[in-house]
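> return atomic coordinates for the entry below.
(one chain, ligands or ions: 2)
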Amino acid sequence: MRTHPPLHETLCGQEQAANRDHPGRHEPSVVAMNRLRLTFPGWFAAAVLCALASGCLLRGPSKPSEDQRVAATRRPLAALPRTAAERDLPARRADAAAGATSFAAHCQRCHGVQGAGDGPLAAALDPAQPDWTDPANMADETPAWFFRAVSRGVLGGGMQRFDTVLDEQERWDVAYFAWSRAVSPVQWQRGQALYEQRCQGCHGPQGDGLAEARLDDPRGVLRSREDYAEAMRALHGDLLEDVGAEDTAALVEHLFTFLYQPQAP
Ligand code: HEC
Ligand code: HEC
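Ligands and ions are numbered 1, 2, ... in the order given. Below you'll find the predicted structure:
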C-alpha cells in the first residue's frame, strides 16, 4: 500500500514552486533563522525550528491557505509539479453512495444525517461543526482537505482520526459523501446538460478527451469549487462569457463528477 505524507507537505512543494516566481517572499523568516543560528548553539536553534515546523503536527493537519490553492488554478493540472501531486491522491474514482453507509455509522452522530452539523452530540462540541449543506461554507474547501481531516482528525476540535477505522478508499468515499451535501440533483443535471452542449466536444464525455487537460486527473482533489471556477475563467473566459454564476457553479459540480460518483438522487 502507498503511504501518504501529510497534505501540508504536499502543498509546501507547490508553495516552493510558487516562490520561485516570487523570490524573497519568505525573507523575514530566513533572516530570523540566521539570527537564531548566530545567537544560540546550533542544537538549540534546531530544536526551536523543529518545534515551529512541527506546529502543524501538534495541531493536526492545517487547512491549505488560499495562496497555496490559488497556485493550483492558474495552470492546467497537468502542469503542476509532480511531487506536489502524486502523493495523497485517490487510487480510483470515489463513490459517495458507498460513503453514505460509513457516514451513518461513524459520522452522523456529530455531523447530523445531512451533514448540517446538527447530530445528537453536536451541542457538546466546541468548536461547532461546519454546516456542509450551506454552499457558502463549501466554496473554498478541497476534497484533499476533507480526506485529510477524516484520515488524521482535526486535533483540538473533537474530530478524531479515522485512518485506523476506515481503509483508504472508504475514507475517500465518506469524504465525498460529506463533500456533496450542498449539491442538489437539479444542479448536477444542469451541469451535465451544459457540459454536453459546450465542453464535451473537446473534453469528451468522460473528461479524458484532451491529453493535456484531463478533467479526470486525480490532482483535481487539490482544488476547491472556487478554484475550478477560477481555472475555467482563466483558461476559457471566452467560452463562459454568457454563462451566469449559477450555471458556472453547476458546471463546476459536473467537473467534480469526473473525480467521484455522486450519490444517486
Ligand atoms: C475548443 C476546445 C475546448 C472546449 C470547447 C472546452 N475546453 Fe476546456 N480546455 C481545452 C484546452 C485545450 C485546455 C488546456 C488549456 C491550456 O493548456 O492552456 C482546457 C482546459 C480546461 C480546464 C483546466 C484543466 C486542468 O487540467 O486544469 C478546465 C477545468 C476546462 N478546460 C473546463 C472546460 C469546460 C467546463 C468547458 C465547457 C464550458 C470547456 N473546458 C470547453 C479545450 C476546450
Ligand atoms: C465526536 C464527533 C465527531 C465525529 C464522530 C466525526 N466528526 Fe468530523 N468534525 C467534528 C468537529 C467538532 C469538527 C470541527 C473541528 C474543528 O474545526 O476543529 C469536525 C470536522 C470535520 C471535517 C473538517 C470540515 C471542515 O469544514 O474543515 C471533516 C471533513 C469531517 N469532520 C468529517 C467527518 C467524517 C467523514 C466523519 C465520520 C467518518 C466524522 N467527521 C466524524 C466532530 C466529529
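> quick check: closest non-adjacent residue to residue 191.
residue 254 (3.3 Å; CB to CB, 6 or more residues apart in numbering). Where C-beta positions appear, they are placed from N, C-alpha and C, glycine not excepted.
> so that neighbour: helix, strand or coil?
Classification of residue 254 using DSSP: H, G, I helix; E, B strand; the rest coil returns helix.
> that one and residue 128: what is the separation?
Taking CB to CB, to the nearest Å as the measure, residue 254 falls 31 Å from residue 128.
> same deal with residue 232?
The separation that residue 232 has from residue 128, given CB to CB, amounts to 33 Å.
> now do residue 203
Relative to residue 128, residue 203 is positioned 40 Å away (criterion: CB to CB).
> one more: residue 145?
18 Å.
> looking only at neighbour counts, state which of these two leads.
residue 145 (22 against 12; other CB atoms under 10 Å).
> and that one, what's its pLDDT?
As predicted, residue 145 sits at a pLDDT of 90.
> name the SS class of residue 192, please.
For residue 192, the reduced secondary structure class is helix; criterion used: three-state DSSP.
> residues touching it, list them.
Shown in contact with residue 192 (CB atoms under 8 Å, 6 or more residues apart in numbering): 254, 257.
> and if you look at residue 110?
Shown in contact with residue 110 (CB under 8 Å, 6+ apart): 117, 119, 121-122, 125, 129, 158-159.
> from those residues, which ones fall inside helices?
Among the contacts of residue 110, no member falls in helices (DSSP state H).
> so what does residue 141 look like in phi/psi?
phi -80, psi 150 (degrees, to the nearest 10).
> ok, and the closest non-adjacent residue to it?
The shortest distance from residue 141 to any non-neighbouring residue, by CB to CB, 6+ apart, is to residue 224 (5.7 Å).
> check whether stretch 240-258 comes near ligand 1.
Yes - figure legend: stretch 240-258 in contact with ligand 1 (CB under 6 Å from any ligand atom); contacting residues 251, 255.
> so which bits of the stretch 101-250 of the chain are right by ligand 2?
Residues of the stretch 101-250 of the chain found near ligand 2, taking CB under 6 Å from any ligand atom as the criterion, are 102, 106-107, 109-111, 121, 125, 127, 129-130, 141, 146, 149-150, 154, 157-159, 162, 174, 178.
> could you rerun that using 5 Å?
106-107, 110, 125, 127, 129-130, 146, 149-150, 154, 157-159, 162, 174, 178 (CB under 5 Å from any ligand atom).
> what's the PyMOL syntax to select whichever of those are buried?
Only the buried members of those end up in this PyMOL selection, burial being decided by 16 or more other CB atoms under 10 Å:
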select buried, resi 106+107+110+129+146+149+150+154+158+159+162+174+178
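> and the residue nearest to residue 191, how far is that from residue 212?
For residue 254, the distance to residue 212 under the criterion CB to CB works out to 20 Å.
> who's more crowded, these two?
For residue 254 and residue 212, the more surrounded residue by other CB under 10 Å is residue 254, and the numbers stand at 22 against 7.
> can you check the pLDDT for the more buried one?
In this prediction, residue 254 carries a pLDDT score of 97.
> try the one 3 residues further on
In this model, residue 257 is scored at 97, pLDDT.
> ok, now residue 128?
Note on residue 128: pLDDT of 79.
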